[in-house]
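In: Sharing a model prediction with you, sequence too.
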There are 2 protein chains.
Amino acid sequence: MTSDALPDAARLTALVEGVRDRRVRDVARAITMVENQGPLGRALMELLAVDATHRSRTVGLTGAPGVGKSTMTAALIAAYRDAGLSVGVLAVDPSSPFSGGALLGDRIRMQSHSADAEVFIRSMASRGHLGGLAATAGQVLRVYDAAGFDVVLIETVGVGQSEVEIAAAADTTVVLVAPGMGDGIQAAKAGILEIGDVFVVNKADREGAQSTARDLRQMIALASDAGESIWTPPVTTAVASTGDGIADVVASIDAHYSWARDCGELDRRREKRAREEIVSELLGMVRGHAASGEAAEELRSSGSAVAQGQATVYGAAERLWHQLRRQEKY
Amino acid sequence: MTSDALPDAARLTALVEGVRDRRVRDVARAITMVENQGPLGRALMELLAVDATHRSRTVGLTGAPGVGKSTMTAALIAAYRDAGLSVGVLAVDPSSPFSGGALLGDRIRMQSHSADAEVFIRSMASRGHLGGLAATAGQVLRVYDAAGFDVVLIETVGVGQSEVEIAAAADTTVVLVAPGMGDGIQAAKAGILEIGDVFVVNKADREGAQSTARDLRQMIALASDAGESIWTPPVTTAVASTGDGIADVVASIDAHYSWARDCGELDRRREKRAREEIVSELLGMVRGHAASGEAAEELRSSGSAVAQGQATVYGAAERLWHQLRRQEKY
């Protein structure tokens, strides 16, 4: 009897066990369930919270298009696997759900080798998440944690509000830069300079890698003079496609993680991330409430009024808020 | 006496008059006030709603990095100015507030010629907006409308959830593609195929422009078979840097606008956009409430609990929601 034939409660229990045993099919199902954001997903999260391992270290990987994020992800997977660690990957892909992640999946055909995943790769479309992209990503990370992955890599493109935020919320955030992209100024422009715990100049076999690294170090030195951080982000160089310099990248990530754990920064970050997830979830709930019952009618009529210039957005939002508070049932 | 020296009410009245007269300094101040999201900005929006002109047509312009969005924006500005129309531009820039928009501003030094703006360019950083990027953009568009700009161009990068949504919310959305970017498949991957009302293959002097246009037309034909839209997005080619083909782009935008206005699609879109703005504003309010008073304390403690695996995000969000509904004063 497959788990599909079981009633919900038994099915969930079987699923939780499968996740805990890190079985590919069950991890994949659990993530889909969480992504669907229905009552089953909620129940699953309740069960998984009990089984939280708190073992997973999350590593965010971001940078402009073309810096080689997927290649670096593949190189890091290989390095962590060599060290005997299990790796979960979440690739947040701005593309449609259908095309998403196929390239990465093709490149690293590891999970087909075994029913028990030591490497598990999942890509997630960046649009269409009810409670927001970050909220869904947070829940997926909890599934990875319940599955006990040692390292969870989160790859996002370093363009776009939500995408950058997700990478920034990891335990350690790695920012990738390519040589000759305006000598690191591009990174500053993209607003990703301030979120990096570790910087990597990838494609370092190209001209200008050393000067890009130098520029980045200078910009970081300037930035940390102003702030009061006691962590100075290291800048390493690497060629992800050949594996050159990957050991240094891993060592830098380790160094940051140890520092963050020992000084309490890790706990502060995780609590901050949890608060942001709670608020995202709350906003998703409010959005749902606003789309149903009397509130939906109020919203429809005030939408017309605002479009015709007979009401302001602020005023309409306030009326909606008071209506939601009064509403008895949801 | 400058308006800075006036008390708030008089200052606002003077500002509203300045916006209505389309004076550069006042339009700029009004936008800043709205972006700051304080009580002054709200009061200003109330006053501006009374003065809404409903004259502005909004044109969204988006595409992957490197397709030539800024050059196309400059070319469209020139075309609309030649036709005697006033143009407001909102460039949503993923970069930091300081570097943002300087390039575009340098390129088109028009607003310095006159205190009364026939072209007004503003760039907005894509991060750090309380009620979300789309909400702030919506309010800025209302300032442009109050100032009576004939056309408002909204330029966003076609990567990232919020950025794409903003371009898609315009009266007419123009999607830019460059030749040789995987023959239009790149556009499909980026999820911007479905939001385009008009497609432009820019840099059409490069090899592959015609085949990219052909591919796009095929993909559009396939997509519209499935849906029931009665508007088939035209695909034009252009070289924005020389002005070649810009007249066709303008004609395509006009054709879409006329169609949308006549069949009621324009009203439907504007009402939908208003509803989205109201919900964004509501969510911004809820976010604010959750960060103050007893709710903030609840959030702090439940954040710790979730980070330690003693509570779920869902459960914590629900407790927070009930607390917010009970709370008497804000």
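Out: Yes, it's here. Residues are numbered from 1 along each chain as shown, chains lettered A, B, ... in the order given.
In: And for A:D267, the neighbour number?
Out: By the criterion of other Cβ atoms under 10 Å in any protein chain shown, A:D267 has 14 neighbours. Yep, even glycine has a C-beta here, placed from its N, CA and C like the rest.
In: Quick check: closest non-adjacent residue to it.
Out: Of all residues not flanking A:D267 in the chain, B:A307 sits nearest, at 7.1 Å (Cβ to Cβ, 6 or more residues apart in numbering or on different chains).
In: Quick one: mean pLDDT over the helix or strand containing A:H256.
Out: For A:H256, the element it lies in under DSSP states H and E is helix A:246-263. Averaged across helix A:246-263, pLDDT comes to 96.
In: How about that helix and chain B, touching?
Out: No. Using Cβ under 8 Å from any Cβ of the partner chain, helix A:246-263 stays clear of chain B, coming no nearer than 13.5 Å.
In: Show me what that helix is packed against.
Out: helix A:69-82, strand A:172-177, strand A:198-201, strand A:235-237, helix A:265-290 (3 or more Cβ pairs under 8 Å, 6 or more residues apart in numbering or on different chains; DSSP states H and E).
In: Let's have these in CSV, adding distance to A:T58.
Out: Shown next, in CSV, are the helices and strands packed on helix A:246-263 (distance: least, Cβ to Cβ, whole Å):
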stretch, distance to A:T58
helix A:69-82, 13
strand A:172-177, 8
strand A:198-201, 13
strand A:235-237, 20
helix A:265-290, 9
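In: out of those, which comes closest to B:V67?
Out: Of all the helices and strands packed on helix A:246-263, helix A:69-82 sits nearest to B:V67, with 20.4 Å by Cβ to Cβ.
In: Would you mind writing the CA trace of that closest one as PDB?
Out: Provided in PDB are the C-alpha atoms of helix A:69-82 (Å, rounded to 0.1, in the frame of the first residue of the first chain):
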ATOM      1  CA  LYS A  69      26.100  30.900  -9.300                       C
ATOM      2  CA  SER A  70      25.000  27.500 -10.600                       C
ATOM      3  CA  THR A  71      28.500  26.400 -11.300                       C
ATOM      4  CA  MET A  72      29.600  27.600  -7.800                       C
ATOM      5  CA  THR A  73      26.700  25.700  -6.300                       C
ATOM      6  CA  ALA A  74      27.800  22.500  -8.100                       C
ATOM      7  CA  ALA A  75      31.400  23.100  -6.900                       C
ATOM      8  CA  LEU A  76      30.300  23.600  -3.300                       C
ATOM      9  CA  ILE A  77      28.000  20.500  -3.400                       C
ATOM     10  CA  ALA A  78      31.000  18.400  -4.500                       C
ATOM     11  CA  ALA A  79      33.300  19.900  -1.800                       C
ATOM     12  CA  TYR A  80      30.800  19.300   1.000                       C
ATOM     13  CA  ARG A  81      30.100  15.800  -0.300                       C
ATOM     14  CA  ASP A  82      33.900  15.100  -0.200                       C
END
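In: which of the residues in it are buried?
Out: Neighbour-count burial for helix A:69-82 flags A:69-81 (criterion: 16 or more other Cβ atoms under 10 Å in any protein chain shown).
In: One more: stretch A:53-71?
Out: A:56-64, A:67-71.
In: swap in stretch A:19-28?
Out: A:19-20, A:22-24, A:26-28.
In: Does A:G245 touch A:V239 like I think?
Out: Yes. Between A:G245 and A:V239 there is a contact under Cβ atoms under 8 Å: 6.3 Å.
In: re the thing from before, what's the closest of the buried residues of stretch A:53-71 to chain B?
Out: Closest approach to chain B among the buried residues of stretch A:53-71 (Cβ to the nearest Cβ): A:A64, at 7.6 Å.
In: tell me the SS of the residue nearest the centre of chain A?
Out: For chain A, A:I166 is the residue whose C-alpha lies nearest the centre (Cα atoms, centre = their mean; 4.3 Å). Reduced to three states with DSSP: H, G, I helix; E, B strand; the rest coil, the structure at A:I166 is helix.
In: I'd like to know which helix or strand in chain A has the lowest mean pLDDT.
Out: When the helices and strands of chain A are scored by mean pLDDT, DSSP states H and E, helix A:102-107 comes last with a mean of 42.
In: what helices or strands is the next helix or strand after it leaning on?
Out: Moving toward the C-terminus from helix A:102-107, the next helix or strand (DSSP H and E) is strand A:119-125. When contacts are defined as 3+ Cβ pairs under 8 Å, 6+ apart, strand A:119-125 packs onto helix A:24-36, strand A:87-93, helix A:102-107, helix A:133-146.
In: pull the CA atoms of strand A:119-125 into PDB?
Out: Presented in PDB, the C-alpha positions along strand A:119-125 are these (Å, rounded to 0.1, in the frame of the first residue of the first chain):
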ATOM      1  CA  VAL A 119      22.300  15.600  -2.200                       C
ATOM      2  CA  PHE A 120      18.800  16.900  -2.800                       C
ATOM      3  CA  ILE A 121      18.200  19.700  -5.200                       C
ATOM      4  CA  ARG A 122      14.900  21.600  -5.500                       C
ATOM      5  CA  SER A 123      14.100  24.700  -7.500                       C
ATOM      6  CA  MET A 124      11.300  27.100  -6.700                       C
ATOM      7  CA  ALA A 125       9.700  29.600  -9.000                       C
END
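In: what angle do that strand and helix A:24-36 make?
Out: Counting by axes from the mean of the first three to the mean of the last three Cα atoms, to 10 degrees, strand A:119-125 lies at 20 degrees to helix A:24-36.
In: which neighbours does strand A:119-125 have in its sheet, and in what orientation?
Out: Strand A:119-125 pairs in its sheet with strand A:87-93 (parallel), by DSSP bridges.
In: Give me the mean pLDDT for the partner strand.
Out: On average, strand A:87-93 scores 86.
In: Which positions in that strand come out as buried?
Out: A:87-93.
In: mind giving me TSV with the residues you listed and columns for distance to A:L40?
Out: Output for those, formatted as TSV (distance: Cβ to Cβ, whole Å):
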residue	distance to A:L40
A:V87	27
A:G88	21
A:V89	24
A:L90	21
A:A91	24
A:V92	23
A:D93	24
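In: for the residues you listed, which one is nearest A:G158?
Out: Set against A:G158, the nearest of these by Cβ to Cβ is A:V92 (11.1 Å).
In: Please tell me how far the closest one sits from A:T156.
Out: To A:T156, A:V92 is 4 Å away according to Cβ to Cβ, to the nearest Å.
In: again, but for A:G18
Out: 27 Å.
In: Figure out the helix or strand that A:Q218 lives in.
Out: Secondary structure from DSSP H and E places A:Q218 in helix A:209-226.
In: Domain parsing of chain A, as residue ranges.
Out: Taking automatic domain parsing as the reference, chain A has its domains at A:53-262, A:291-326.
In: quick one on the thing from earlier: can you tell me which residues contact the residue nearest to the centre of chain A?
Out: A:I166 is in contact with A:60, A:92, A:133-134, A:137, A:154, A:156, counting by Cβ atoms under 8 Å, 6 or more residues apart in numbering or on different chains.
In: A:L44 now?
Out: A:L44 neighbours (Cβ under 8 Å, 6+ apart): A:12, A:15-16, A:30, A:33-34.
In: Any chance of CSV for the residues you listed, columns pLDDT?
Out: Rendered in CSV, the data for the contacts of A:L44 read as follows (pLDDT from 0 to 100):
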residue, pLDDT
A:L12, 90
A:L15, 93
A:V16, 93
A:A30, 93
A:M33, 91
A:V34, 88
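In: Can you tell me which of the residues you listed comes closest to chain B?
Out: A:V34 (10.6 Å).
In: And the furthest pair within the buried residues of stretch A:19-28?
Out: For the buried residues of stretch A:19-28, and using Cβ to Cβ, no pair is farther apart than A:R20 and A:A28, which are 14.6 Å apart.
In: Right, I'll call it a day here.
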